[in-house]
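Peer 1: Model the structure of this input:
(chains A and B)
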Amino acid sequence: MIAQIINAAHYSVTLYAASSMLVGGAIAILGTFVLFKEHGSRVGLVFWTLTLCLCLWLVGFGAAAASPIKIIAHWWIRAAFMGVAFIPSLVLLLALEVAQRTHMSMKLIRASISVSTLICVSVYYPNLFMTSLYHYSWGYYAKFGPLGIAYLFYFGGVTVYVLRLYWTGYSSSTNEKRKKRFQGLLIAHSLGYVAAVDFFPALGVPIYPFGYVMIVPFLVITASVIVKYKLVDITPALAAEQILETMQGAVIAVDLEGKIRVVNRAAREMLGREQSELLNSSMTTLLDIAPEFLACAHTGNHGVSRDIRWPARSGLWSEVNIAVTPVTGGNKSTVGLVYVAYDITERKQAERSIKKLNEELEFKVQERTKQLMDAQDELVRREKLATLGQLAGTVGHELRNPLGVMSNAVYFLQTVLTGADETTKEYLGIIKSEIAAADRIVSELLDAVRTKPPHPQLVPAEGLIRMSLEKCRIPEGINVEVRSETQRSVLIDHHQVKQVFINLINNAVEAMPNGGRLTLGAADAGDGGGVWFIFKDEGGGIDPANREKIFQPLFTTKARGIGLGLAVVKNLTEANGGKISVESELGKGTTFSVHLPVAS
Amino acid sequence: MKGEKMVENKLNILVVDDDRRMVRTICDILKINGYEASDAYSGEEAAEKVSAVTFDCVLMDIKMPGAGGINALQLIKGHAPDLPVILMSAYATEDVAIEAKKQGAYAVLAKPFDVQMVLSFLSLLRREESILIVDDDPLFCKTLTDILQSRGCRVQSEHDPGKVLDHMKEEYKLVVVLDIKLGDTKGLDVLKAIRKKYPTKPVLLVTGYRDEMTDSIKKGLQIGAYTCLYKPLPDEALINAIKEIRRKKLCAVLGEAFENAPVAQGINACASEMSSRAVRGKNGQA
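Peer 2: Alright, predicted model coming up:
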């Protein structure tokens, strides 16, 4: 039988046979083209199957018509009807796919495929679908049996349903592309259904079966619709490929041997290599990946990720966060690994700079805190002085009145008791000197607490020393030497600074109870501007342990004194924009240096 | 100048303080030192007494209830502009001192003050001092002597520069008025001689040659002449200068620095000069 069928001598080519078979072949080619065009999507597959069925029909009928031998023609027509049986269900499936309603119409689809399968099977039962053959002018043709008539109703029903589906799709579309697509398919199908004229000869009506002619516009329109608008906007395969290529993360898939099988655009860019360089190369030569990390991935843990360094192009390194997940095959076994990496170089840099900034901030905060605490201490010190000042001011002044009266009384007594005995005179002298001592304490106290803002004036440096010296009582045995090496004037409140100098001179004098040399000097401060004044004595010096404390109020090493002299010196010096420092050597002497500003 | 007129009598001092014991002690000290002393316990009372009785000096506290020392000083000056007023205070600050001197106080003493200093002041106030005029022009000497005597000053005159120093020996001289253009000996030499022997003696220079003498005058002022006046002498300027010198000498006793008057600015400029100086008294008394 097969030998008879494939024997070319048993066929004589007619116009109908040739045209029909040609169109059938073209349809199959179109279907295959669409399948590739649609990247193997489901809709592409459905369309391809439909074209195969159409092809089977046209080729079968063409071959039947071309064969003068009845048996061979019968064989071809039966084969063709196997394709014809599935045309309605495939047309329906295609329409549902294009309209993206497949998932909602599964029952309908199953029913139609079942009907088509039944019809397909029934073709081989005699006198059910097809009773015998007609012999028309163009050759042998099928003669429908009772099931053939039923098939026509099935075909008609599906046709109406499909056209309605396209119409609904067309009229409800808001997207221009989608609308055009439905419009094209509606026209193509409407024309294609004219091919139903081929059923008439099968019912005994001798009309030339020009259905294949109508398939040509169907072919052209559908093809143009596919080329122009595609059958569906997005397919999972297309989406997967697109997503893979356009995603920001680098994707590398390797097989079980560690050979790279898939790399996406981001991976190529991040590695700075071409696809050809990467494919088939070993992942381990590319990246140094810790084995335990891979082991983790193999056990099926998802979301295992870590930060690594990754060689970027031109010898640079990128920092990437890389995650690895196993790829499982059909039998759930691992077939490879997928690495997904994101470039986090910038983020890491930002993190580092934030960390650095944080550290700097922390440092600054500590610094400021220290400054604040210092300022607080200073404030407390000043507050202490201010409180002390108010109290001292009141007490001091009030003490001066009784001291004045006492002083007068002693003077009176000394005047009238000229003839008194020596002891009385001595005691009067004691009272007098103690009153003077008390007054000195009061004066020191009052000087310490007077916190008037300075009124700066320009005063010659040397003159300032001389004016201060005039106000000091220099005892016998003290040799004063004034060495001025500057002609400049300092910008200070001379009342206040004189007080500073007087205190320092008196201090130096008191440090040398057995006499010595007191050197006073003024010199240009040089680069920093201003003038340095020095007060150098040859006294006993200051104990290093006390050197920090001498400027603190209420600190004193003297048997008599409340420890305000140097506190006054420091306060007034600083109030006048100056600074003071001290150098001292035990047994050799002390030098106070006072820096005062000049006019800027 | 009142002191000179009352040479035979005791000086009358008004002591003002709200602290009664202060008034009492000061008054007692003054009395045993040969002065009359009156007391007052408020600024108002002091002003009242000054308007009723003639005093030679007022010693007054600054901080008192009611009219304080500064206000009282203004009231007193209204009654007796030339009356020397010494203020004292336990609260003596520079501001107060400057204000007090602006109002005409001789000095501001910080309590407790040096009584000896006040007594020295009073003894100088009591002492009559004469003025020596040295000029080769007898007529000038005569007219100036008359003018000064009419103002109550004791005056001596000398034409011979060689005898100037002899005059100085005899009596305490307040001031020497020296003509800078003398016949044989140059005035500057006389000035030098006086400065050498009596360094604190104020010497007033007088000259009729404003232009030619500039260098000599400069030199004279450098050597230490108090100031220079130009002939013909304006009486008031001379009298004011003498008053000022006397006042300065008195103030110097109370601890003020004695400074020569700036040239060509008139004599009264020294008052403002003095007012800028700090309170004295602390260092000299201990």
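Peer 1: Quick check: which element contains B:Thr143?
Peer 2: Applying DSSP states H and E as the criterion places B:Thr143 in helix B:138-150.
Peer 1: give me every residue that touches A:Gly156.
Peer 2: Residues in contact with A:Gly156 (Cβ atoms under 8 Å, 6 or more residues apart in numbering or on different chains): none are found. The way it works is simple: take the backbone N, C-alpha and C, and place the C-beta from them, glycine included.
Peer 1: mind listing what's buried in the helix or strand hosting it?
Peer 2: Using DSSP H and E, A:Gly156 falls within helix A:146-172. In terms of neighbour count (16 or more other Cβ atoms under 10 Å in any protein chain shown), helix A:146-172 has its buried residues at A:147-148, A:151, A:154-155, A:158-159, A:161-163, A:165-166, A:169-170.
Peer 1: Please apply the same query to stretch B:78-97.
Peer 2: Result for stretch B:78-97 [16+ other Cβ under 10 Å]: buried residues B:83-94, B:96-97.
Peer 1: C-alpha coordinates for it, PDB please?
Peer 2: Extracted in PDB, the C-alpha atoms of stretch B:78-97 (Å, rounded to 0.1, in the frame of the first residue of the first chain):
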ATOM      1  CA  GLY B  78      27.400 126.600  94.200                       C
ATOM      2  CA  HIS B  79      28.000 128.400  97.500                       C
ATOM      3  CA  ALA B  80      31.800 128.500  97.600                       C
ATOM      4  CA  PRO B  81      33.400 127.800  94.200                       C
ATOM      5  CA  ASP B  82      37.000 127.900  95.500                       C
ATOM      6  CA  LEU B  83      36.500 125.900  98.600                       C
ATOM      7  CA  PRO B  84      38.800 122.800  98.500                       C
ATOM      8  CA  VAL B  85      36.800 119.700  98.800                       C
ATOM      9  CA  ILE B  86      38.400 116.300  99.400                       C
ATOM     10  CA  LEU B  87      36.100 113.300  99.000                       C
ATOM     11  CA  MET B  88      36.600 109.900 100.600                       C
ATOM     12  CA  SER B  89      35.000 106.600 100.100                       C
ATOM     13  CA  ALA B  90      35.200 103.000 101.000                       C
ATOM     14  CA  TYR B  91      33.900 102.300  97.500                       C
ATOM     15  CA  ALA B  92      36.400 104.500  95.600                       C
ATOM     16  CA  THR B  93      36.500 103.300  92.000                       C
ATOM     17  CA  GLU B  94      38.000 105.000  89.000                       C
ATOM     18  CA  ASP B  95      34.500 106.000  87.700                       C
ATOM     19  CA  VAL B  96      33.700 107.700  90.900                       C
ATOM     20  CA  ALA B  97      37.000 109.400  91.000                       C
END
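Peer 1: near chain A at all, that stretch?
Peer 2: Yes: residues of stretch B:78-97 contacting chain A under Cβ under 8 Å from any Cβ of the partner chain: B:88, B:90-91, B:93-94.
Peer 1: picking up where we left off before, average model confidence for the helix holding B:Thr143?
Peer 2: In this model, helix B:138-150 has a mean pLDDT of 81.
Peer 1: other SSEs contacting it?
Peer 2: When contacts are defined as 3 or more Cβ pairs under 8 Å, 6 or more residues apart in numbering or on different chains; DSSP states H and E, helix B:138-150 packs onto strand B:130-134, strand B:154-158, helix B:235-253.
Peer 1: With respect to chain A, which of these lies nearest?
Peer 2: With Cβ to the nearest Cβ as the measure, helix B:235-253 is the member of the helices and strands packed on helix B:138-150 nearest chain A (13.5 Å).
Peer 1: show me what contacts the residue nearest the centre of chain B?
Peer 2: With distances taken as Cα atoms, centre = their mean, B:Arg247 lies nearest the centre of chain B, 1.6 Å away. The contact partners of B:Arg247, by Cβ under 8 Å, 6+ apart, come to B:84, B:106.
Peer 1: Going along the chain, name the strands of the stretch 151-286 of chain B.
Peer 2: Here the stretch 151-286 of chain B has its strands, by DSSP state E, counting those that start in this stretch, at B:154-158, B:173-179, B:203-207, B:227-230.
Peer 1: Kindly apply the preceding question to the stretch 1-150 of chain B instead.
Peer 2: Going by DSSP E, counting those that start in this stretch, the stretch 1-150 of chain B shows strands at B:12-16, B:36-40, B:57-61, B:85-89, B:107-110, B:130-134.
Peer 1: Then chain A?
Peer 2: For chain A, the strands defined by DSSP state E occupy A:130-136, A:139-144, A:250-255, A:260-263, A:304-311, A:317-328, A:334-343, A:457-460, A:478-484, A:489-492, A:516-524, A:531-536, A:579-585, A:589-596.
Peer 1: By mean pLDDT, show me the worst of the ones you listed.
Peer 2: Ranked by mean pLDDT, those bottom out at strand A:304-311, which scores a mean of 77.
Peer 1: just the CA coordinates of that strand, formatted as PDB?
Peer 2: Extracted in PDB, the C-alpha atoms of strand A:304-311 (Å, rounded to 0.1, in the frame of the first residue of the first chain):
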ATOM      1  CA  VAL A 304      22.600  32.700  50.200                       C
ATOM      2  CA  SER A 305      24.600  35.700  49.300                       C
ATOM      3  CA  ARG A 306      27.800  37.400  50.200                       C
ATOM      4  CA  ASP A 307      30.000  40.400  49.300                       C
ATOM      5  CA  ILE A 308      33.100  39.600  47.200                       C
ATOM      6  CA  ARG A 309      35.600  41.400  45.000                       C
ATOM      7  CA  TRP A 310      35.200  40.800  41.300                       C
ATOM      8  CA  PRO A 311      37.800  41.600  38.600                       C
END
